[in-house]
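S.K.: Structure, please.
(2 chains)
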Amino acid sequence: MEMETRMKKRIRVEANTEPSESPFEALSEEILFLILDLLDSNPLDKKSFSLVSRSFFAVEARHRRSLTPLRPELLPFVLSRYNSISHLNLTLCPYLSDASLSSIASLLGPSLRSINLSGSRSYSHRGIESLANKCFNLEEIDVSNGVELTDEAAAAIGRMSKVERVRMGRCKKVTDLGIGCIAVCCPNLKLLCLKGCVGVTDLGVALIAVKCRKLRSLDVSFTMITKKCLPAIAQLPNLEDLCMTGCLGINDKALVTLKQGFKSLQALDMSNCQNISQASVSSILQKNPSLHHLNLSYCSPVNSMLSGLHGVFKLNSIKLDGCHVSTDGLKSLANSCISLKELSLSKCSGVTDEGISVIVAKHKDLVKLDATCCRYITDLSLAAITSSCASLVSLSMESCTKVTWEGFRLIGRHCPKLEELNLTDTDLDDEGLTSLSQCQNLTSLKIGICLKITDEGLIQIGRSCPHLQELDLYRSIGITDKGVSEIARGCSNLETICMSYCTSISDESLKCLSNCARLNTLEIRGCSLVSSVGISAIAARCCNLSKLDIKKCYEINDAAMLSFARFSHNLRQINLSYCSVTDVGVSALASISCLQVVTMLHLSGMSADGLAAALLMCGSLMKVKLHVSFKPFISPVLINRVESRGCMFQWLNKPFQVQLESSEVWKQQSHDIFVE
Amino acid sequence: MDQKQNSSFTYPPRNNSPQESFNPNYDYPQFNSQNRTESPYTPSQFFNSQAREWDPHALLSNLSFLEQKIHQMQNIVREMIRTNEGQNCNISELTAQRQLLTTDLTSTIIQLISTAGSFLPTIRTSLLSGNAPIPQLGSSIPSASSAPSPSAYQPNPSPDYEELTKGWGENVVESAGQIQIEDLDVKEGEDVGQDGDTLPIGSYEVLQLEKEEILAPHTHFCTICGKGFKRDANLRMHMRGHGDEYKSPAALAKPAREPGSQPIPVKRYSCPFVGCKRNKEHKNFQPLKTLLCVKNHYKRSHCEKSYTCSRCNTKKFSVLADLKTHEKHCGRDKWLCSCGTTFSRKDKLFGHVALFQGHTPALPSDEVKGKNEEINDKDDSGGVGYNDGDEYLDMKGGYFSPMVNFDSFSFEGLDEFSRTTFDPTENSFSFLRSGSPDFARKDPGN
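M.R.: Below is the predicted model:
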């Protein structure tokens, strides 16, 4: 891909030198389309492509199928260029009026297949109606978070007769009537998400189940459904994925008395259903032989859910987060499942070495294991895991404080396929880290709150893990510029790095990290040595930077903001609390066209007027966190105006706190919680 | 006496205790059935011969006879007034006159009822023969002084009665066209003893009241002034006004069962309407549990619905309480389907929508649109007259097809038919559409 880009750049250079000849006219549209097909990964490549010539520009416009615009006010221009868009993602547009939806509808018309409106709350059913009238090929619509949408909006969706996938999470005002309209008018419905639609009851869901026989995926999380609609859902012939998270109306009685299982169900999510217990679990498993994925997280904090299991199940993946899981329970789970690939025991109490050993001895194909906060497991578990699960890809052992260097050594030696490893808040030291560097496929490594690690270990990682994309060094205070620069050198694919409260980090680290061109998330909260120089280097070279946390980097000032304004056109989220930024910096920041979330607390140099000007200027804001002391100084008219653009204000009242908490104290606190 | 007990007119059951204790009029000769038969005005000679078939000529002669009799009574009263004015009255003579008048009045009432009863084919010969005591006067008649034996209450239809009821049943069948008696097998929610009280057949005795008794507004009459009451207790309270002898605790107390008597056997009731599932002749006879059930069932199922809702002017009821219940909810049918049908309950609307293809729940603001669609539906229905969109009002548990206009069929007296037809599971709309729209009225004389 890179080669191609380079080639095109060369071509472009040639084109500029000989504008009259234009050898590109010889290339047919089919060939250009084929080239464009291969350019999907990096959005900037396509931009370069379209700048080659007028014909390339036109071809690129015709080729593009999906679009994620940032500024709704530009939509008419953008869409008149890209008029064959079929997938329109408007999640980044906080303010969408009915008029803009109507113009989208008339510009795209029948070519539009899918539209995502979940980022905005300002449109109403009229906008959806205009979509329904003109975009009659629409197959997918996402109106999640439309908390103001009413049944009329749902009825308008119902008028899109070809619609197959409808997501309407958190549409709290939609009732059974609206759902009924969708159910009756959309016989092709395959996916429906009603998460958090508290107005929907059994009647609506049952009608969906009666009318939409092609339904494959249904999400009724956090609704008021009870057992009354379950028989109807069970009758759905094609249902594969059912999510009932947080349905408190579902209890043991509902599931045990259900005469038949869900015919074709493969994935069932019943997390946070607090009224179910072991009886339901056995009943579900016995009635649904085709079930592969089961999520029972936070279902029953007290009961030991698994000990009564009998029979043989085809489960691939089971999540038991937050449940009490005894050794017996894990034994019966191990015996009743044929081949588990994914097991999540995060925050499970009662998990012991014996339990883990039994599981891994039986299920050698385990790919993903999450043992977060299973604080009793020791090296014995790791010995069992590493000796039997050679294909382990993801392992999370956050806060497993009893595991020692011996365990980490085993991981490094026996798990060559490991890609994701979370060892946050463990006893990891340099020796362990050096062993882990044998896992050369690591893409994500989280070693925060490991106070013992130093540059020595990190250098080993940097040298041997070239695929690393995500690195978390939160509060691992032994890390300095030396280690980070080695990472920056060795892991050029790095996208996310967190070095918050690594107080020894300075501008030097950032300068090195600026070599990682894909970097999009940088957290250096509390790195007081970092100044505008370092962060400006990042801004200048990491043009993908979209999330930035520089809270309590006291040395960072307006200069950094100016370089963001100049270079970081993709910056979406920034936290600059406690920085030495003044009105100048804030207004420079406001000029970034796609900035959406800003947290500005305790900015000593910012005045109310400067803030007001910045708020007015930045049209793309979705969320602003400000100190409550500013509230009286900003006119309500201005606040209303900004809010009407889709921005949310959050007024915080956090006290000014200069002193950084020492990481040792912090770790001690985490242990104290455990002891309690 | 035996015959009297055989009839169903020893009614209501709670009156079967001796009432002599508080009824000083008991020894009035005119209340003795033997005496009555000797009375020159006894109606038996008029009615015995016509018991089987109703004859307009007989009716006319009965009515003129009544007229004549009323004239006689008028004369007696005038005579009494005159003697009162003359002040030369003999007390014994006055008493005799009063007794004569009472006798005449009683017999007139009996005849009037009998005449009215002859309209109704279900009437029993026992009444028509004039031998039976009049139920409305039950409280004053010394009914069975001992508890009637269960066997005496068993249905004992005389051949005459059989013939009569049979004729009536056939009438229904003929006029209802293809409707079979089996169609009367109705699930009837309200009238069933819903407490799951399914007594085995034979473990209870079946009583069957006549139509007049069921429809009579009062069942207890004051023997002195003739005022009627619905309840025995009310009558006893009323009696206090007629003298101190009625004020004794014994007279006011609820007539207790005789201490030595047998426990009263369980009673169930049969509807006099032949062909009804509540009729004891029906093969799947389901008895009615109480007298109130009988009344409500008969009125709902076999009577004209004379109470019309003043709000919607559409819904009609035969039981006043039903109207009042309806009026509480009338106008609140806020759940609307795109076909124009309205429902008082959301689950009913969703049941309807789930059942039919293409019907959607209509949003409140869609009302205009809904009406338009309904107009289209009217056109589709092929000339069946629609009066008002509101006629698809939800009837308890019913589902309507917009294609069928129920008002174009007369259901008077056949409410149970309409209930079955609304049951979607049986899909009985077809029979309705093909069937003759003119169902038999309950009274062929009309």
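S.K.: now chain B, which segments are flagged as low pLDDT?
M.R.: Across chain B, the ranges flagged by pLDDT under 70 are B:1-55, B:85-90, B:117-199, B:201-202, B:255-263, B:331-333, B:365-446.
S.K.: Near chain A, which residues of it are found?
M.R.: B:346-347, B:350, B:353-354, B:358-363, B:365-366 (C-beta under 8 Å from any C-beta of the partner chain). For every residue, glycine as well, the C-beta is placed using N, CA and C.
S.K.: Throw together a PyMOL command that grabs the buried residues out of those residues.
M.R.: Command for PyMOL, covering only those of the residues of chain B next to chain A found buried under the criterion 16 or more other C-beta atoms under 10 Å in any protein chain shown:
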select buried, chain B and resi 346+350+353+354+359+360+361+362+363+366
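S.K.: Any idea what A:Val597 is bridged to?
M.R.: A:Gln573, A:Lys623 (DSSP bridges).
S.K.: Now do the strands in the stretch 401-550 of chain A.
M.R.: For the stretch 401-550 of chain A, the strands defined by DSSP state E, counting those that start in this stretch cover A:420-422, A:444-446, A:470-472, A:496-498, A:521-523, A:547-549.
S.K.: ok, back up a step: and the two most separated of the residues of chain B next to chain A?
M.R.: B:Ala354 and B:Ser365 (23.0 Å; C-beta to C-beta).
S.K.: my guess is B:Ile76 contacts B:Thr102, does it?
M.R.: No - contact criterion C-beta atoms under 8 Å: B:Ile76 and B:Thr102 do not qualify, at 10.5 Å.
S.K.: How much space separates A:Gly158 from A:Arg113?
M.R.: 18 Å (C-beta to C-beta, to the nearest Å).
S.K.: Looking at the two, which is more packed in?
M.R.: Taking neighbours as other C-beta atoms under 10 Å in any protein chain shown, A:Gly158 and A:Arg113 compare with A:Gly158 leading, 24 against 19.
S.K.: which residues does that one contact?
M.R.: A:Gly178, A:Cys181, A:Ile182, A:Val184, A:Cys185, A:Cys186, B:Thr360 (C-beta atoms under 8 Å, 6 or more residues apart in numbering or on different chains).
S.K.: rerun at 6 Å
M.R.: Residues in contact with A:Gly158, defined by C-beta atoms under 6 Å, 6 or more residues apart in numbering or on different chains, are A:Cys181, A:Ile182, A:Cys185.
S.K.: For the first one, pull up the helix or strand it's in.
M.R.: By that I understand A:Cys181. helix A:176-185 (DSSP states H and E).
S.K.: quick one: is that helix near chain B?
M.R.: Yes - against chain B, helix A:176-185 shows contacts by C-beta under 6 Å from any C-beta of the partner chain at A:Leu177, A:Gly180, A:Cys181, A:Val184.
S.K.: next one: the helix or strand just after that helix to chain centre, how far?
M.R.: The first helix or strand that comes after helix A:176-185 along the chain, using DSSP H and E, is strand A:191-193. Mean-position distance between strand A:191-193 and its chain equals 19 Å (C-alpha atoms, centre = their mean, to the nearest Å).
S.K.: Which elements pack onto strand A:191-193?
M.R.: Strand A:191-193 sits against strand A:165-167, strand A:217-219, with contacts defined as 3 or more C-beta pairs under 6 Å, 6 or more residues apart in numbering or on different chains; DSSP states H and E.
S.K.: Residue of chain B nearest chain A, please.
M.R.: B:Pro361 (3.9 Å; C-beta to the nearest C-beta).
S.K.: so that residue bridges to which residues?
M.R.: B:Cys337.
S.K.: before we move on, the earlier item: return the member of the contacts of A:Gly158 nearest to chain B.
M.R.: A:Cys181 (5.1 Å).
S.K.: Does that closest one touch B:Thr360 like I think?
M.R.: Yes - using C-beta atoms under 6 Å, A:Cys181 is in contact with B:Thr360, at 5.1 Å.
S.K.: A:Gly158 versus the residue of chain A found nearest chain B, what's the distance?
M.R.: Of all residues in chain A, the one sitting closest to chain B is A:Gly180 (3.9 Å; C-beta to the nearest C-beta). Note on A:Gly180: its distance to A:Gly158, by C-beta to C-beta, is 9 Å.
S.K.: Which member of the residues of helix A:176-185 next to chain B exhibits the greatest number of neighbouring residues?
M.R.: Neighbour max across those (other C-beta under 10 Å) = A:Gly180, 31 neighbours.
S.K.: pretty sure that residue is touching B:Pro361, no?
M.R.: Yes - using C-beta under 6 Å, A:Gly180 is in contact with B:Pro361, at 3.9 Å.
S.K.: Would you mind grabbing the residues shared as contacts by those two?
M.R.: With C-beta under 6 Å, 6+ apart, A:Gly180 and B:Pro361 have common neighbours B:Val353.
S.K.: got the contact list for A:Cys273?
M.R.: A:Cys247, A:Ile250, A:Cys299.
S.K.: Let me know the closest of those to A:Asn137.
M.R.: Out of the contacts of A:Cys273, the member with the shortest distance to A:Asn137 (by C-beta to C-beta) is A:Cys247, at 34.0 Å.
S.K.: Can you give me the neighbour number for the closest one?
M.R.: The burial count for A:Cys247: 22, using other C-beta under 10 Å.
S.K.: A:Lys195 versus that one, what's the distance?
M.R.: In terms of C-beta to C-beta, A:Cys247 sits 11 Å off from A:Lys195.
S.K.: Quick one: name the residues of chain A near chain B.
M.R.: A:Asp151, A:Glu152, A:Ala155, A:Leu177, A:Gly180, A:Cys181, A:Val184, A:Leu203, A:Leu207, A:Val210.
S.K.: Need those residues in a markdown table (columns: pLDDT).
M.R.: Listed next are the residues of chain A next to chain B as a markdown table, based on pLDDT from 0 to 100:
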| residue | pLDDT |
| --- | --- |
| A:Asp151 | 92 |
| A:Glu152 | 92 |
| A:Ala155 | 92 |
| A:Leu177 | 91 |
| A:Gly180 | 92 |
| A:Cys181 | 92 |
| A:Val184 | 92 |
| A:Leu203 | 92 |
| A:Leu207 | 94 |
| A:Val210 | 92 |
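S.K.: Which two of those have the greatest separation?
M.R.: The widest separation within the residues of chain A next to chain B (C-beta to C-beta) is 22.6 Å, between A:Glu152 and A:Val210.
S.K.: which of these two has more neighbours?
M.R.: A:Glu152 (22 against 19).
S.K.: Run a quick neighbour tally on the nearest residue to the more buried one once chain neighbours are set aside.
M.R.: Spatial nearest neighbour of A:Glu152, chain neighbours left out: A:His125 (3.9 Å); criterion: C-beta to C-beta, 6 or more residues apart in numbering or on different chains. By other C-beta under 10 Å, the residues close to A:His125 number 23.
S.K.: is it true that A:His125 touches A:Ala154?
M.R.: No - under the criterion of C-beta under 6 Å, A:His125 makes no contact with A:Ala154, lying 8.2 Å away.
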